[in-house]
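Visitor: Here's a sequence, model it:
(2 chains)
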Protein chains: 2
Amino acid sequence: MKYNHKELLSYTTQLFMAMGCSNAHARVVADVLIAAELRGIPSHGLMRVKDYYQMVASGRINVNPKVSVVHQTPSTATVDGDNALGPIAGKESMMLAIEKAKVAGSGWVATRNSNHFGIAAFYSMMALDEDMIGIALTNANPLVAPTNSTDRLLGTNPIAVAIPADKQPPLVADFATTPIARGKLAIKAKQGLNVSHGLVQDKEGNPSTDPSTIEKGGAIVTLGGDIEHGGHKGYCLTALVDIFSSVFSGANFGPFVPPQVAYLPLLEKSVGKGLGHFFGAFRIDAFRPADEFKTSMDQWIETFRGAKPSNPNTKVLVPGDIERGNYEKNIVSGITILPQILNDLNSVARELDIPLLR
Amino acid sequence: MKYNHKELLSYTTQLFMAMGCSNAHARVVADVLIAAELRGIPSHGLMRVKDYYQMVASGRINVNPKVSVVHQTPSTATVDGDNALGPIAGKESMMLAIEKAKVAGSGWVATRNSNHFGIAAFYSMMALDEDMIGIALTNANPLVAPTNSTDRLLGTNPIAVAIPADKQPPLVADFATTPIARGKLAIKAKQGLNVSHGLVQDKEGNPSTDPSTIEKGGAIVTLGGDIEHGGHKGYCLTALVDIFSSVFSGANFGPFVPPQVAYLPLLEKSVGKGLGHFFGAFRIDAFRPADEFKTSMDQWIETFRGAKPSNPNTKVLVPGDIERGNYEKNIVSGITILPQILNDLNSVARELDIPLLR
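Guide: Okay, here's the model as predicted:
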């Protein structure tokens, strides 16, 4: 079934209000989830409503949070999310990074005591409207083993960076720092298929092609895979995203990130508050006059998009091209919701006594 | 042959003074090159003296540069390196980032009109002495093809991040954002060996195991390799390092980065000034009280170092452990210089009329 995004925004807002969120907060959560649907990333879209609801219903998330600044300098701040839904803490933090950048040239906000914040690109793209470069990082539940280990100590910790151009659309990179997402493993498992070599390992740390390996004590490997293919560099990268999101803010790091689904038990040990994010903003005139920056960025984008493809049927893409294409299509022709997601949404609606989405 | 690092520092300083550098500038270049030797990264150590010398001798590098700040905000600045040796422009830029951070909480410097700056960790580690987190990025000569392309548009663009702890030594991540360095390909070629699958491609973009593929129009692939293994994420990462180092500062980006060896001709087209870097510094008390931050960082490091190894003969490492081990050994027992490097150094010494290193 296809739905107009405005209808979905309004419906999702209604659901979160019924969970106890204020109108303004509910709308922010809806904005972030629908942004993922529009950009063609359903794994971070309405599929999350049920998870968020169950976290709220089990009392693990605070729907009346007071998000507060607990520490600051002219260009930096730490925000305590008061155990809010991630999009609430995330959007307020990114707004603060932008405000700091207006005055100081750049702004950096580390956020603790938060939860799953949805699609990282949403926050980095907030900077574009202000003629700024936006950055958003988050840590996530541990599924990834560092190089040489069998322990799952890291999440799929994404990096999102949005950079404005002039005539060209902005470059928006938003990527998990691991070779595969858990969702893709689950799909392969349902199809009864193996995954390729170089993506996961078994619980002894041996290479595996079993998409269910995580349920059996295995792990996702770092970007690059083994050391010969630079997997230790992927480990560095994912570790840095974890540290910026947790040690900077005082959130839980790596293995102590609290589960973001209610069916997993809370962890016994905690080393900080909730899950953590990290946000940044640069004014584009922080380094060069804005028009020079934008012209140069156009030239970068045109050079890369104009590169020779290795196969005449493929194109050389600039980060964000695919998601922008999805957005342009979905904003006009509507968002497809799979039957299972619709069922989940309606099961939440029933519990909240809200009319079902038809 | 083994040499005491102080002897090498003094000798290298002498060489660069003989090339026309001031005493202070020559010492900075020597510091950066010897830092690489001490950390066990000879590819960025004295091996570069001959390259730097030939660049100077052919008039491609300015040995009397006036490094200047051309644009700034409270937390950001752009530095023009005046075509200096990279370490001169790099060190001045990082010092400025640190000064900005003292006042604004964070400091960010984009540097243009520079050259090869040696080991990135040197600059990020400058922040440690100030109780700051240090960041250093640079672009580099294009050897890497973006996803779906046969064109070499990106360098091995490294990221270095140094983070202080309390009882634990600092975490120092310094990694090329590509799966293999050009130097390692050259070694395999000399040995008559192939490289593993997933590291390079031929000039049509097909997977290759030929270590000489670059000379034949091939390219290094991005971290992750093919799309199935997340190579498009590696592309995003290397592209971001390029943009931060070039578009931010007004340096040449990607394919237009000027060659850093004199035997390669200058490029016909230029889109900016020289090669570019990007530096950052955060006060560790920018987000939390310094003692809390350091204790938390200790805990992070201890958690990762204490993780279960997949093989009883390996250890789970924290980024920088290997290089710190090399440093501790080399600072005591001296630095080994291979005969070929010694010959190269002495050929430079002869041309400069300096006593040879014995």
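
Visitor: Please enumerate the strands of chain A.
Guide: Along chain A, counting by DSSP state E, strands occupy A:2-3, A:68-72, A:76-80, A:106-114, A:132-138, A:158-163, A:171-176, A:200-201, A:207-208, A:219-220, A:275-283, A:335-336.

Visitor: shouldn't A:Asp291 be in contact with A:Ala165?
Guide: No. With contacts counted by CB atoms under 8 Å, A:Asp291 stays clear of A:Ala165, the gap being 11.4 Å. (Each C-beta comes from the backbone N, C-alpha and C, glycine too.)

Visitor: who has more neighbours, the two?
Guide: A:Ala165 (22 against 11; other CB atoms under 10 Å in any protein chain shown).

Visitor: Spatially nearest residue to A:Asn346 (excluding sequence neighbours)?
Guide: A:Leu356 (4.5 Å; CB to CB, 6 or more residues apart in numbering or on different chains).

Visitor: ok, how many other residues are close to the one you found?
Guide: Counted by other CB under 10 Å, the residues lying close to A:Leu356 total 13.

Visitor: go on, A:Pro170?
Guide: A:Pro170: 22 neighbours (other CB under 10 Å).

Visitor: surely it meets A:Ala127?
Guide: No. With contact defined as CB under 8 Å, A:Pro170 and A:Ala127 do not form a contacting pair (9.5 Å).

Visitor: Now for those two: what residues contact both?
Guide: A:Ala162 (CB atoms under 8 Å, 6 or more residues apart in numbering or on different chains).

Visitor: tell me the contacts of the residue lying closest to A:Lys167 once chain neighbours are set aside?
Guide: Closest residue to A:Lys167 apart from its sequence neighbours, by CB to CB, 6+ apart: A:Asp298 at 5.4 Å. Contacts for A:Asp298 were tallied using CB under 8 Å, 6+ apart; they are A:165-168.

Visitor: Relative to chain B, how far out is A:Thr209?
Guide: Going from A:Thr209 to chain B by CB to the nearest CB, to the nearest Å gives 12 Å.

Visitor: ok, back up a step: out of the contacts of A:Asp298, flag the one nearest to chain B.
Guide: A:Ala165 (9.4 Å; CB to the nearest CB).

Visitor: now the strands of chain A as TSV including distance to A:Arg350 and mean pLDDT?
Guide: Formatted as TSV, these follow (distance: least, CB to CB, whole Å; pLDDT from 0 to 100):
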stretch	distance to A:Arg350	mean pLDDT
strand A:2-3	18	96
strand A:68-72	35	98
strand A:76-80	34	98
strand A:106-114	29	98
strand A:132-138	31	98
strand A:158-163	33	98
strand A:171-176	33	98
strand A:200-201	37	97
strand A:207-208	40	96
strand A:219-220	35	97
strand A:275-283	29	98
strand A:335-336	22	97
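
Visitor: Surely A:His232 is in contact with B:Ala176?
Guide: No. Counting by CB under 8 Å, A:His232 does not reach B:Ala176; the two are 11.0 Å apart.

Visitor: Report the separation between the residue nearest to A:Asn346 and A:Lys167.
Guide: From A:Leu356 over to A:Lys167 the distance is 45 Å, taken as CB to CB, to the nearest Å.

Visitor: just A:Leu46 next, same as before
Guide: From A:Leu46 across to A:Lys167, the span is 34 Å (CB to CB).

Visitor: more neighbours, the two?
Guide: A:Leu46 (26 against 10).

Visitor: quick one: contacts for the more buried one?
Guide: A:8, A:12, A:33-34, A:37, A:337, A:341, A:345.
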